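Pasting a predicted model and its sequence here:
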Amino acid sequence: MTAIQRLSTQLVNQIAAGEVIDRPASVLKELLENALDAGATKISIQLKHGGTEVIRVTDNGCGIPKQEIALALERHATSKISTLEDIEHISTLGFRGEALPSIASVCRFSLTSNDQRDGNVGWLLAGEGGEFSDEIMPVRHAHGTTIEVKNLFFNVPARKKFLRTERTELQHCEAVLCKTALSRFAVAWIAKHNNRNFLELPPLADAQDNVRRVAKICGQQFAEQSIPVENSAQDLHINGWISLPTFSRSQADLQYFYVNGRAIRDKVIAHAVKQAYQDVLYHGRFPAFVLFLEIPPDQVDVNAHPMKHEVRFRQAKYVHGFIRHTLGKAIAETMPKAGPQAAQQYSKLADDYIQAVQAPNERSTSQVPNSVHSTAARTREPLQGYATAPSFNSAWHAQAPVTDAHTAALAPPLGYAIAQLHGIYILAQNAQGLVIIDMHAAHERIVYERLKVLYRQGNIATQPLLMPLTINLSRQEVALAEQHHEAFVKFGFQLESFGEESIVLREIPSLLQQADMSELIRDVLADLNMFGSSEKLEQATSKLLSTIACHSAVRANRKLTIAEMNALLREMETTEKSDQCNHGRPTWVPVSVEQLDKLFKRGQ
Ligand code: ADP
Ligand code: MG
């Protein structure tokens, strides 16, 4: 070892850069944040070669006075805080005073700034690898600041080696840009790569228009298949958009969450969102969302991560509950509603279908949405074990189908049933046109929601079997059934005399009168096996109830009367989350008369 010595400023900055600057995108992030902190309303970005050669950011913010320019490039120099208390009330994105010196130490750097609203003279300071010229030069520059970063990591070969292809680096830059642009709708953004425009976002003055930018960044599909949310409680406010359960993703890639305008990732929030979607999404699918949480700055610690990606909430539980409740309520309200917004939610599926059938040569059939797929696959299902729908009884009274246009306008959202198709779909007529309902999926949701309420109230009605039923099981299944005896009781099953390879069922939930019991018990046991401990079981109740619901829901090929079908439609209209089945597939798809006209090329 050599003697202890002080590191040079340059080396200190380079080491610090290691923490926050790992690729062009992280430079871009810091520069954009500085521009926003300076109050810019227009930000232009130029990149070359994925940002590895050039990153130039120009803003029309407040600018830096000539005499402070050199200071801005010093470590721990900032205009954003001056005391420890300030950190607790931070309203700017930056506050550490580290970004500029760190960046400047690993590139060829220049900063030009003009803090005079009515002048055209800016002051330029340039340097290389953290060493700056002694002179500040006058140059033409409008009010605002330009920072140019060239040849990133030219002096840090070890870092440079980790840079990826132009395309990959550009993608990372684009992600940063999109994420930042979504946080400030009123700011105009224009970005070029290799002198070509690749993102242009006009400023939006009216909040009504914000969804346009969301559509541009998250895709038109998300904009169409999401629901707006907004809620306040005490000092918390949240607003934004969340995807309908039927629009889920295989990755958590369309998830934007902002706390006081800062994009963050957070476990508490991720968990709250997951819980809100818990029984409307397939396992392994992810919701999409753009959400803005406003919280008093002293309730959140933004100084928890060097790149400021993470925050710490002082009252994490409270925030968790607020988000879960807000999203959960919005999702619960996804049931057929009157009004154009709801009617359009799924009519996109019908549009896609029409496109698919109109151009059969250009489109592969796989593009036809599942929900309107041919029934061939379904009819191959075995025919045994159809449960009679427990709810389809005389208590369900239905109204007569409408015929004339006047009464049609007053029809309920899902209209009135006109027929059953292949024992799978219900066809109904509403004011807009045709409605196709997947009867099993819809009924499954209705039974499930009802079971959940009953279960929560500890109120699952049971009924003894006239003839106790012996169910043959494997040894392992019998052991499981014995072990989880109490859970079964809670769900309304009375199991007895555990034999070596059989059990006797004496009492069942009344709701399940007609279900195939041995199949159901086996499925429930399989679930129990997966969840293990009974504590886990409590958490997995929804899964178990959904298994039970699936078994008791009306099966394919059961003939329903028009009255039964109408009764099902009316139930759907009042059941929470009934726009999708327990797995997040749609339960109904509207096809408007206009869409039908299009299909038949009527009036073209
Ligand atoms: P921080 O943002 O944490 O304060 P930075 O190193 O990013 O630290 O910037 C240092 C200072 O330089 C800022 O506090 C700000 O006063 C000034 N500054 C940086 N970029 C800009 C800009 N685009 N417009 C105006 N001032 C800026
Ligand atoms: Mg900064």
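Okay, I see it. Numbering: from 1, shown residues only. Ligands and ions are numbered 1, 2, ... in the order given.

now whichever residue of the stretch 501-604 of the chain sits closest to ligand 2: how far from ligand 1?
Residue nearest to ligand 2 within the stretch 501-604 of the chain: residue 584 (41.0 Å; C-beta to the ion). For glycine as for every other residue, the C-beta is placed from the backbone atoms N, C-alpha and C. The gap separating residue 584 from ligand 1 is 42 Å, by C-beta to the nearest ligand atom, to the nearest Å.

Likewise for residue 98?
6 Å.

List the single closest residue to residue 29 in space, sequence neighbours excluded.
Counting by C-beta to C-beta, 6 or more residues apart in numbering, residue 29 lies nearest to residue 176, which is 4.8 Å off, once chain neighbours are set aside.

For the host helix or strand of that neighbour, buried residues please.
For residue 176, the enclosing helix or strand under DSSP states H and E is helix 166-183. For helix 166-183, the neighbour count (16 or more other C-beta atoms under 10 Å) marks 166, 169-170, 172-174, 176-178, 180-183 as buried.

Give me the next element, helix or strand, following the strand or helix carrying residue 568.
Per DSSP H and E: residue 568 is located in helix 562-574. Scanning forward in sequence from helix 562-574 by DSSP H and E, the next helix or strand is strand 588-592.

Counting by contacts, list what that next one packs against.
helix 347-358, strand 433-438 (3 or more C-beta pairs under 8 Å, 6 or more residues apart in numbering; DSSP states H and E).

For those, which has the smallest mean pLDDT value?
Mean pLDDT is lowest for helix 347-358 out of these, coming in at a mean of 56.

related to what we said a few turns ago, what lies in contact with the helix holding residue 176?
Residues outside helix 166-183 that contact it (C-beta atoms under 8 Å, 6 or more residues apart in numbering) are 23-26, 28-29, 32-33, 36, 45, 47, 49-52, 55, 163, 187, 189, 191, 193, 198-199, 201, 213-214, 217, 256, 258, 261-263, 290, 292.

buried ones in stretch 299-314?
For stretch 299-314, the buried set under the neighbour-count rule, 16+ other C-beta under 10 Å, comprises 299, 300, 301, 302, 308, 311, 313.

what about it and ligand 1, any contact?
No - shown here: stretch 299-314 not in contact with ligand 1 (C-beta under 6 Å from any ligand atom), separated by at least 9.5 Å.

and residue 292, what is it in contact with?
For residue 292, the contact set (C-beta under 8 Å, 6+ apart) comprises 183, 238, 239, 240, 258, 261.

Surely the second one forms part of a strand?
Yes - when DSSP: H, G, I helix; E, B strand; the rest coil is applied, residue 238 is found to be in a strand.

So what's the gap between stretch 255-275 and the chain middle?
Centroid separation for stretch 255-275 versus its chain: 10 Å, with C-alpha atoms, centre = their mean, to the nearest Å.

My error: substitute stretch 127-144 in the last question.
The answer for stretch 127-144 is 44 Å, by C-alpha atoms, centre = their mean.

Show me the contact partners of that stretch.
By C-beta under 8 Å, 6+ apart, the surrounding residues in contact with stretch 127-144 are 9-10, 13-14, 38, 40, 58-61, 63, 66, 69-70, 73, 101, 104-110, 112-126, 154-155.

Likewise for stretch 463-481?
With contacts defined as C-beta under 8 Å, 6+ apart, stretch 463-481 is touched by 488, 494-496, 498-510, 513, 517-518, 521-522, 525, 528-529.

Among those residues, which lie within strands?
By the criterion of DSSP state E, membership of these in strands covers 494, 495, 496, 502, 503, 504, 505, 506, 507, 508, 509.

and the second one, bridged to which residues?
In this case it means residue 495. Assessed by DSSP bridges, residue 495 has beta-bridge partners residue 505.

just the last one next, same as before
With beta bridges defined as DSSP bridges, residue 509 has these partners: residue 462.

Hmm, residue 456 and residue 541 touching each other?
No - with contact defined as C-beta atoms under 8 Å, residue 541 and residue 456 do not form a contacting pair (9.3 Å).

Those two - which one has more neighbours?
A count of neighbours by other C-beta atoms under 10 Å puts residue 541 above the other of residue 541 and residue 456, at 17 against 9.

Grab the nearest non-local neighbour of the more buried one.
residue 455 (6.7 Å).

Now for that neighbour: which residues touch it?
Neighbours of residue 455 in contact, by C-beta under 8 Å, 6+ apart: 490, 491, 541, 545.

What sits closest to the last one if chain neighbours are left out?
The shortest distance from residue 545 to any non-neighbouring residue, by C-beta to C-beta, 6+ apart, is to residue 451 (4.8 Å).

List phi and psi for residue 47.
With angles defined as degrees, to the nearest 10, residue 47 sits at phi -130, psi 150.

Would you check that it makes contact with residue 27?
No - contact between residue 47 and residue 27 fails when scored by C-beta under 8 Å: they sit 10.3 Å apart.

Does the closest residue to ligand 2 within the chain belong to a helix, a strand or coil?
The nearest approach of the chain to ligand 2 comes at residue 94, 2.8 Å away (C-beta to the ion). When classified by three-state DSSP, residue 94 comes out as coil.

Hmm, residue 80 and it touching each other?
Yes - counting by C-beta under 8 Å, residue 94 does reach residue 80; the two are 5.9 Å apart.

between those two, who's got more neighbours?
residue 94 (20 against 16).

what separates the more buried one from residue 38, distance-wise?
Residue 94 sits 10 Å away from residue 38, going by C-beta to C-beta, to the nearest Å.

same question for stretch 88-104, mean pLDDT?
Mean pLDDT, stretch 88-104: 92.

cool, and stretch 332-341?
Per-residue scores along stretch 332-341 average to 65.

going forward, begin numbering at 232 instead of 1
In the new count, where the first residue is 232, that last one comes out as stretch 563-572.

Just name the closest of the buried residues of stretch 530-545 to ligand 1, please.
residue 539 (9.5 Å; C-beta to the nearest ligand atom).

Apart from its neighbours in sequence, what residue is nearest the closest one?
Here the residue nearest residue 539, using C-beta to C-beta, 6+ apart, is residue 533, at 6.0 Å.

show me what contacts that neighbour?
By C-beta under 8 Å, 6+ apart, the residues touching residue 533 are 321, 326, 490, 493, 539, 542.

Likewise for residue 297?
346, 354, 367.

One more: residue 796?
By C-beta under 8 Å, 6+ apart, the contact set of residue 796 is 629, 648, 651, 657, 659, 670.

how close does the most centrally placed residue in the chain sit to residue 541?
In the chain, the C-alpha nearest the mean C-alpha coordinate belongs to residue 519, at 1.9 Å (C-alpha atoms, centre = their mean). Counting by C-beta to C-beta, the separation of residue 519 from residue 541 is 21 Å.

Also residue 803?
42 Å.

and if you look at residue 358?
Residue 358 is 32 Å from residue 541, by C-beta to C-beta.

sorry, back to before: count the residues that sit near the nearest residue to the residue nearest to the centre of the chain once chain neighbours are set aside.
Nearest residue to residue 519, sequence neighbours excluded (C-beta to C-beta, 6+ apart): residue 485, at 3.5 Å. Counted with other C-beta under 10 Å, the neighbours of residue 485 add up to 20.
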